[in-house]
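Sequence and predicted model, in that order:
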Amino acid sequence: MSATLAKGQTINFYQATMPIILSVFAIYLTIGIALGVLPKFVQNNLGFNSLIIGLVIGLQSLATLVTRAYSGKITDTKGAKKSKISGIILSVIAGVAYILAVSCQSTPLLALVFLLLARIIHGVGESFLVTGALTWGIGLVGHEKSGKVMTWNGIAMYAGIAIGAPLSIWLSKGFGNLPAFMLIMLLPLISWISTAKLPAIPVDKDHIRTPFYKVIKTVAGQGLSLAFSSIAFGCIASFVGLFFMEKNWGDASLAFMTFGACYVLTRIFFASFPDKFGGFKVAFISLIIEAAGQIMIWNSASKAVAIIGCGLTGVGFSLIFPALGVLAIQKVKPQMRGTALGAYVAFVDLSLGLAGPAAGLAAGWFNYQAVYLFGAISCVLSMIILLFNKK
């Protein structure tokens, strides 16, 4: 069993964070795999419409949202490492539920029930894993590097989605849906192994906890701006594959990969910007770029233009989370960091949970391309909120 870090002690940044980043990457591969295969599976194999697709996609984020308070409490009172391990176990269980859904696809309604169950469990697992991983990383390297910790964890998150989605599309084309869902069950084992030897961080059991609703209020300005900015990502994650099918452009693997590559490269080369130039400035410029990417997809007349729009969206969205996150966690005491991060990230869950069904309605009323006008408008709303919450 690994040791516990002494209070006030820190360790080398990369020694501490690289195992956590690998762990987060493995879990987000499972999330990307699900996003890549689920829309077509729900539509083609089970025969349900775009609203049900949006519900299936969005339910994971809603499940994550409603458990953020609890995962933050567990992280602060029981330890970040225990919280993260709970997320890994739940991800394995979600994989089993996905496999049961595939096994029951001849009975679409039963398969849908298993899918919804899988999405709920997957979402709860994500809640524990992300809150635990971020709090653990910041606790190991120190508060002054919190922006960098969030930046690198974000790289792991969206790289996992960007690689997992096309991987699942490729697997489903050549081998059917079952191998993709089996990977969801197996990848959490890599997540567990990667951090098994890292020291835990001490828990201050005597600290009087601030109620979650008060923490939510404290970070609400940054959280709401983050929520509206995340809708653009939700639009790509939920419907870019079906948009490409509607236009007869083939599968959307390259769109997912371009979004992910641009997202990751922006974070790699500009990881220090939120700490160096301030969260407000970095977030506002990023939102302009993200909105431009969504408008490009909305107006795209060719596959190439749509893919470039996905890339711009990735560049813009990349630094918004750490930029606003640095502002958010400065508002709370270190003992409440897990709860504050849980509250802050909960706004992403709310956003993605509502974005799927809302974008599904837009697609049903108009077409899949109109979804990206919805994404662009959301970015503009995020800018307006940010202007009123500079600090």
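Arrived safely, thanks for sending.

Let's see the pLDDT reported for residue 124.
Residue 124 is assigned a predicted lDDT (pLDDT) of 93.

quick one: it and residue 68 touch, right?
No. Contact criterion CB atoms under 8 Å: residue 124 and residue 68 do not qualify, at 10.0 Å. The C-beta positions use only the backbone N, C-alpha and C, and glycine is treated the same way.

ok, these two, which is more surrounded?
Between residue 124 and residue 68, counted using other CB atoms under 10 Å, residue 68 has the larger neighbour count: 26 against 23.

Buried ones in stretch 246-260, by neighbour count?
Using 16 or more other CB atoms under 10 Å as the test for burial, stretch 246-260 gives 247, 249, 251-260.

For it, measure first residue to last.
Start-to-end span of stretch 246-260 (CA to CA, to the nearest Å) is 22 Å.

Do me a favour and average the pLDDT over it.
Stretch 246-260 shows a mean pLDDT of 85.

Tell me how far residue 34 lies from residue 115.
Distance of residue 34 to residue 115, given as CB to CB, to the nearest Å: 9 Å.

joint contacts of those two?
Shared contacts of residue 34 and residue 115 (CB atoms under 8 Å, 6 or more residues apart in numbering): residue 98.

Comparing those two, which residue is more hemmed in?
Legend: neighbour count by other CB under 10 Å for residue 34 and residue 115, higher for residue 34 (30 against 27).

Within the helices and strands, which one has the more buried one?
helix 13-40 (DSSP states H and E).

The nearest residue to residue 262 once chain neighbours are set aside - how many residues pack around it?
Excluding its sequence neighbours, the residue lying closest to residue 262 (CB to CB, 6 or more residues apart in numbering) is residue 314, at 3.5 Å. By other CB under 10 Å, the residues close to residue 314 number 29.

got it, and residue 366?
Residue 366: 12 surrounding residues under other CB under 10 Å.

Quick check, pLDDT for it.
Residue 366 is assigned 75 on the pLDDT scale.

Please report phi then psi for it.
According to degrees, to the nearest 10, the main-chain angles of residue 366 amount to phi -120, psi -100.

Distance of it relative to residue 56?
21 Å.

contact partners of the strand or helix carrying residue 376?
Here residue 376 sits within helix 371-387, counting by DSSP H and E. Outside helix 371-387, the residues that touch it by CB under 8 Å, 6+ apart are 221, 224-229, 231-232, 234-236, 238-239, 243, 280, 283-284, 287-288, 290-291, 294-295, 297-298, 309, 313, 316, 324, 355, 358-359, 362-363.
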